[in-house]
Every structure is written in C-alpha cells, then in structure tokens.
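**Student:** With the input below, show me the fold.
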Amino acid sequence: MEILGPLLIAFFTALAVTPVVRKFAIKFKAVDCPNARKVHHNIMPRLGGLAICLAFWVTVLLTQEITREIGGLLVGGAIICLVGVWDDFKNVSPKTKLLAQIIAACVVVAAGIRVDFLTNPLEGLIGMEFFQHPTIGLWIFSYPLTVLWIIGITNAVNLIDGLDGLAAGVSSIAALTLGVVSLLEGQGNASVLFFILAASALGFLFYNFYPASIFMGDTGSLFLGFNLSTLAIIGLTKSTTIISLFLPIIILGIPIFDTLFAIFRRFVNGKPIFSPDKEHLHHRLLALGLTHRLTVLTIYGISLLLGASAVIMSLVTTAQGMLLMVAVTLGVFIAADKVGILQAKGRTEKPQDKKVYHHAK
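**Tutor:** Predicted structure coming up:
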C-alpha cells in the first residue's frame, strides 16, 4: 500500500486535472501551431504537462515525508514548471530556459542531491593504490557534474517530445524501471517517487496517446526530464558496484542515445550541433513507412527492452552485467545505423519552415 496508494492518487489526479488544463490552454491560447518541422496538422492545446506537475506535487505532499532532498526536488521542479509554462505561452528563448535549468539544478545540489563518487572500473586490475579503491571521489567536481547530468537529461527528454504520447510513454517506462531497480538497490523511498512520477505521466497519457487531444508542451517534457535525472541520483548512485554507474544511462537510453546521435550526425554532416532537423528516431521510423501509432509503440518496445536489460544487469554478477551492457550498447548502435539516424544527411530547418499555418482556429 505504501506504493499502490500514492500511485493511484497520482494517476487519477492527472486523469482528472488534464481536461481542466486543456480548457485553460485553449481559453488562454497556449496552443501549438503546425509547421514544416512538426508532424501534426492542426492547432493543438499544449500546457498538458501542468497536469503531470500538479499530480506529482499533490501526491508527494499528501503521502511522503518532506525531507531536505524532497524539498529541493519540489522547489527545483517548480522552477522548471514555471519556465515551461512561460514557454508554452510565449516561446521563451533557449538561453532563458537554460538559465532556469541551471538554477533548478543548483537548488537540487544545495539540497544535498549530488553525484559524490563514481565506481572505479579498474579496481584491482593494476597494482597501484589508486586502483584498489572501489570508488573514485569527485570532491568539488561533484557539483558541476550533477548540474550537467540534470541539464543533459532534462533537454534529452524534451527533444524526444515529437509524437503523440512519445515523451509521456517513454518517461513512464523509464520511471517504472528506475523504480524497480531502486527497490532492488534498497532505495525504497526513491522508488515510490519514481512510481508517483510514472503514474502522473500515465494519467496524462490517457489524453496524449495518438490521436492526442492535448500536448504536454515544454512544461511536461522539461519537468519529466528534470525529475527523472534528479531521482536517478537519489535512487541509483548509492551503490559502489560498477554496473550501477551505467544503469540510469541504459534505462534512459532512448532520450540519451537519440540526443547523442543527433549531435554526432550534425557534426559529421557539418551542421550546427544545435540546429533542428527531422532525423530523430521517430522521424526515421516514420520515413521508413511506419504509422504514427506504430512508431510510438515501436519506441515503447525499445524502451521496455532497455529497461528489462537494466533490471537483469542489477540482478546478475558484475561480469555478466558488463557483458550484457556491451551487447545492448552494440545493439543500439547497429540498430541506429540501420534506421539511418547516425549517418543520415540531417535536413537543417530553413527559415521558410518556421512559417506557421493559420488555417485552423
């Protein structure tokens, strides 16, 4: 009941609040208009992520003890939510969004949520004292590393929000998997927070799956990315086993690898790293002939496979886990090359692509 009760509260809160948020978004014109880079063809209300935020906060405040760490998580999440709402109304500049993310990450760090050490992959391999320690202390470097991790995952989740139900579904799968692994690692409190986040996103997904009646907007994608990255630090950085270092990366593989492949692809093709294109995983699957719904379900399947791999890694020996991790990573790179997201000639968005079509009201 410690898990099921909060999960049900979060799910039904999101389910009840989303229609209210949708009416609010339409009334105050927080809408997403179609253009050449987007796959939808009608004006859609966004701001749906506000329902996820409210469901998560209400459930945490009602069911969890508000420790210093959870307080930092809630305050940082509020900052992310505010800049997301602002962006869904007014299209905030990337610099402003980045500044808000840095501030939110610093709040989290100040609350004591940090990556304090890394497991030592060379422990015992070389007869030097340094290599005999199971962990490598990060000292002052833990602060910038934690901030970079939070900002990176926050924006990675934001980048995959390109199809109905994609970001909400992938984030739900990631949160559920992280919750299970946290339980296995003995971090019960963190696991409950993961399950609350997953339930909040699933309640919203009822309205967001194809064909969606509302988008989560930056409010939702930034909030989900922020909480996933922060909770991963709370739940999965306490273990000194080497495999624990890689579990969050495997579980969050879809947003992480899609972002890394985009950077690599643009670099290889001589494009600006931050230039938008239509060569992300979901774009490539659509280009291969998959329908909108089948593309999203395919990516869900990949997320489930990565999540299952991470759970298995946490249960087997270190050597077996490392072998499985190498196999999964090679599989990801081979699959990415097959669908064309590594070497595809990414089409940079042109000025005329930004034209907004106003045929719908």
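**Student:** burial of Arg100, as a residue count?
**Tutor:** You called it Arg, but residue 100 is Ala. 22 (other Cβ atoms under 10 Å). Bear in mind the C-beta positions are built from the backbone N, C-alpha and C, glycine included.
**Student:** Sorry, wrong one. I was asking about Leu15.
**Tutor:** 19.
**Student:** again with Pro211
**Tutor:** Taking other Cβ under 10 Å as the neighbour definition, Pro211 ends up with a count of 12.
**Student:** Over to Phe215?
**Tutor:** Close neighbours of Phe215, defined as other Cβ under 10 Å, add up to 28.
**Student:** And it, how far from Leu99?
**Tutor:** Using Cβ to Cβ, to the nearest Å, one obtains 24 Å as the distance from Phe215 to Leu99.
**Student:** ditto for Ile234
**Tutor:** According to Cβ to Cβ, Ile234 and Leu99 sit 24 Å apart.
**Student:** Have a look at the two and say which one is more surrounded.
**Tutor:** The residue with more neighbours, out of Ile234 and Leu99 and counting by other Cβ under 10 Å, is Ile234; that gives 22 against 13.
**Student:** Could you pull up the contacting residues of that one?
**Tutor:** Under the criterion of Cβ atoms under 8 Å, 6 or more residues apart in numbering, the contact list for Ile234 reads Glu69, Leu73, Ile113, Gln187, Ala190, Leu193.
**Student:** can we see that at 7 Å?
**Tutor:** Contacts were defined as Cβ atoms under 7 Å, 6 or more residues apart in numbering; by that measure Ile234 touches Glu69, Ile113, Ala190.
**Student:** If you rank those by neighbours, which is first?
**Tutor:** That'd be Ala190 among those, by other Cβ under 10 Å, with 24 neighbours.
**Student:** quick one: contacts for that one?
**Tutor:** The contact partners of Ala190, by Cβ under 7 Å, 6+ apart, come to Ser182, Leu231, Ile234, Gly235.
**Student:** can I get those residues in CSV with pLDDT and distance to Val332?
**Tutor:** Converted to CSV, the contacts of Ala190 look like this (pLDDT from 0 to 100; distance: Cβ to Cβ, whole Å):
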residue, pLDDT, distance to Val332
Ser182, 89, 23
Leu231, 94, 23
Ile234, 88, 26
Gly235, 83, 23
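**Student:** quick one: which of those sit in helices?
**Tutor:** Here DSSP state H is the test, and those give Ser182, Leu231, Ile234, Gly235 as lying in helices.
**Student:** just curious, which of these is nearest to Thr219?
**Tutor:** Thr219 has its nearest neighbour among the ones in helices among the contacts of Ala190 in Leu231, at 18.3 Å by Cβ to Cβ.
**Student:** Around the closest one, count how many other residues there are.
**Tutor:** Other residues near Leu231 come to 25 when the count uses other Cβ under 10 Å.
**Student:** same thing with Glu65?
**Tutor:** When neighbours are counted by other Cβ under 10 Å, Glu65 comes out with 7.
**Student:** any idea how far it is from Gly112?
**Tutor:** In this structure, Glu65 and Gly112 are separated by 15 Å, where distance is defined by Cβ to Cβ.
**Student:** Over to Pro211?
**Tutor:** Distance check for Pro211 against Gly112: by Cβ to Cβ, it reads 43 Å.
**Student:** Kindly report the same for Ser142.
**Tutor:** Distance, Ser142 to Gly112, using Cβ to Cβ: 11 Å.
**Student:** so where's the stretch 51-200 of the chain uncertain?
**Tutor:** Applying pLDDT under 70 to the predicted model, the residue ranges of the stretch 51-200 of the chain that meet it are 117-138.
**Student:** Dump the contacts of Ala190 into JSON lines; add distance to Gly84 as well.
**Tutor:** Below are those laid out as JSON lines (distance: Cβ to Cβ, whole Å):
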{"residue": "Ser182", "distance to Gly84": "26"}
{"residue": "Leu231", "distance to Gly84": "18"}
{"residue": "Ile234", "distance to Gly84": "22"}
{"residue": "Gly235", "distance to Gly84": "24"}
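**Student:** name the element Ala228 belongs to?
**Tutor:** No Ala there; residue 228 is Leu. Assignment of secondary structure by DSSP states H and E places Leu228 within helix 217-236.
**Student:** Next SSE downstream of that helix?
**Tutor:** Scanning forward in sequence from helix 217-236, with DSSP H and E defining helices and strands, the next element found is helix 247-251.
**Student:** helices or strands next to that next one in the packing?
**Tutor:** helix 166-184, helix 217-236, helix 292-315 (3 or more Cβ pairs under 7 Å, 6 or more residues apart in numbering; DSSP states H and E).
**Student:** What residues sit buried inside the last one?
**Tutor:** It refers to helix 292-315. Judged by neighbour count using 16 or more other Cβ atoms under 10 Å, the buried positions of helix 292-315 are 292, 295-297, 299-300, 302-303, 306-307, 309-311, 313-314.
**Student:** Quick check: mean pLDDT of that helix?
**Tutor:** When the per-residue pLDDT values of helix 292-315 are averaged, the result is 92.
**Student:** between it and helix 166-184, how many degrees?
**Tutor:** When axes from the mean of the first three to the mean of the last three Cα atoms, to 10 degrees is applied, the directions of helix 292-315 and helix 166-184 differ by 20 degrees.
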